[in-house]
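A.B. asks: When you get a sec, could you give me coordinates for this:
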Amino acid sequence: MTSLPETAPAVPLNDALLELAHRSHAVITEHQHEGGAYPASPTFSAYRGYAWLRDGSFTAEGISRYGDTASADRYHDWVSRVLGARREQVDGLVADAARGVEVPLARMLPTRFTFDGLDGSDPWWDFQTDGYGTWLWSLVAHAQRHGGDLTRWLPGIEVAVDFLSAFWDLACYDWWEEHVEHRHVSTLGAVAGGLRDIADSGVLDEGRSNRARAASQGAAALALSQGVTSGHDPAAGTGPADAHFVKWLGTTAVDGSLPSCVVPFRLAEPGSPLAAGTLAKVAADLDVDGGVHRFRADVFYGGGQWLLLSALLGWNLAVAGDRDGALRHLHWIAAHATVAGEMPEQVPDHLLHPESRAEWIERWGEVATPLLWSHGMYLILADELGLLDPSRTTEGPPL
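C.D. replies: Numbers count the residues shown, from 1 in each chain. Next up, the predicted model:
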């Protein structure tokens, strides 16, 4: 793997950046389970043996953009089988909720599965709805990109839609398995975006399509009315120039996952004042030298900078037309790959709470490396910048 310094002339980096994209594809596909699941990390103690819908679906988007339709298809096949096997469970949950029965979180679908599609045997922070919405978005994007037939995945689609339509408005754990007592704006964004896209795809029957659209609109309306700093008018799309999405309903803090509410989930359209305000606030509070923190109070491994969040912000900047800003993040990520071209979950640069790092190393070992989600997000950003375009050459526009 070519070493990539953080600051280097633009043109010579093109080959190295493309090489790292090829390496990212190799890392992901090398570790893809024979059944189709993308493991979160093949080596990290707490992640080994499990697949998350959130991680895997973003990873599948990167693989789809890379052009490996077979690998992405196998992942979506796996999710559809796993969810399709939960048909009876979801029917029971929905029926109880319709009768006014309070459904305990322990009965909800999990956020992570074993490669065989089972619940984990060890306790986890399991009720997270964003992964189901993220999968629907990723699936539709993949099918549209490569001309796939969504009916291939209809068993899983229908389970995901029924589950989200019934329980989208419940408080749940966020992207980071924290704060189950809150309703998180990034979660609402994923649910709204995934349900909207699957409803628009035409694959659903009329009843499910109507329920999916109503739930999508409900999640979006809640996020836009209560998940934005005061003064924003969701109907008019107007408000203070610095209005932005917030971490959860009732706070003013931000989270590194919030750019997803712009791209790809489009709670706010790219270039809109709310989108621009959100990206600016996340960058101001959480971006240091191109690496993005999760949130200011983060103590996990000391609160380092996450490669996948740097890619998420860079992706948004690219869509917004800020190519230089997006390239800054692409270069930062590449500079933090290992010599073997593996990407960690986070790096200990500019730790927010360095005193807490040792306890996590003692508990779970060194930071997850490789994290397949990091590699998938690198592929997304590289593609957004045109790096994966076969017409690009080293003599083309510099990266």
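A.B. asks: can you map out the strands along this structure?
C.D. replies: For the chain, the strands defined by DSSP state E occupy 50-52, 112-114, 287-288, 291-292, 305-306, 346-347.
A.B. asks: For residue 17, find the nearest of those.
C.D. replies: strand 291-292 (16.9 Å; C-beta to C-beta). (Glycine included, C-beta is placed from N, CA and C.)
A.B. asks: Can you name every helix or strand that that closest one contacts?
C.D. replies: Counting contacts by 3 or more C-beta pairs under 8 Å, 6 or more residues apart in numbering; DSSP states H and E, strand 291-292 packs against strand 305-306, helix 307-319.
A.B. asks: out of the ones you listed, nearest to residue 349?
C.D. replies: Of all those, strand 305-306 comes closest under C-beta to C-beta, at 5.4 Å.
A.B. asks: Which elements pack onto the closest one?
C.D. replies: strand 291-292, strand 346-347.
A.B. asks: ok, residues contacting the first one?
C.D. replies: This points to strand 291-292. 256, 282, 286, 305-307, 309-310, 312-313, 329, 332, 336, 347, 349-350 (C-beta atoms under 8 Å, 6 or more residues apart in numbering).
A.B. asks: change it to 7 Å
C.D. replies: Strand 291-292 is contacted from outside by 256, 286, 305-306, 309-310, 313, 332, 347, 349, using C-beta atoms under 7 Å, 6 or more residues apart in numbering.
A.B. asks: Over to stretch 350-368?
C.D. replies: 41, 44-47, 288, 293, 296, 298-305, 344-346, 348.
A.B. asks: Restricted to buried residues, select those residues in ChimeraX.
C.D. replies: The ChimeraX selection below is limited to those of these classed as buried (16 or more other C-beta atoms under 10 Å):
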select :41,44,47,293,298,300,301,302,303,304,305,344,345,346
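A.B. asks: domains for the protein, by residue range?
C.D. replies: Structurally, the chain divides into domains by automatic domain parsing as follows: 1-31+283-392, 32-226.
A.B. asks: Would you format these as CSV with mean pLDDT and distance to residue 264 included?
C.D. replies: Output for the domains of the chain, formatted as CSV (pLDDT from 0 to 100; distance: least, C-beta to C-beta, whole Å):
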stretch, mean pLDDT, distance to residue 264
domain 1-31+283-392, 90, 8
domain 32-226, 96, 6
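A.B. asks: can you put the helices and strands packed on strand 305-306 in a markdown table and add distance to residue 24?
C.D. replies: Output for the helices and strands packed on strand 305-306, formatted as a markdown table (distance: least, C-beta to C-beta, whole Å):
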| stretch | distance to residue 24 |
| --- | --- |
| strand 291-292 | 18 |
| strand 346-347 | 16 |
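A.B. asks: Show me the one of those strands that comes nearest residue 125.
C.D. replies: strand 346-347 (18.3 Å).
A.B. asks: Can you tell me the strand partners of the closest one and which way each runs?
C.D. replies: On the basis of DSSP bridges, the sheet neighbours of strand 346-347 come out as strand 305-306 (antiparallel).
A.B. asks: Need the contact partners of the strand it pairs with.
C.D. replies: 256, 288, 291-294, 345-347, 349-350.
A.B. asks: mind redoing it with 10 Å?
C.D. replies: With contact meaning C-beta atoms under 10 Å, 6 or more residues apart in numbering, strand 305-306 is reached by 176, 256-257, 286-294, 298, 300, 312, 332-333, 336, 344-352, 371, 373-374, 377.
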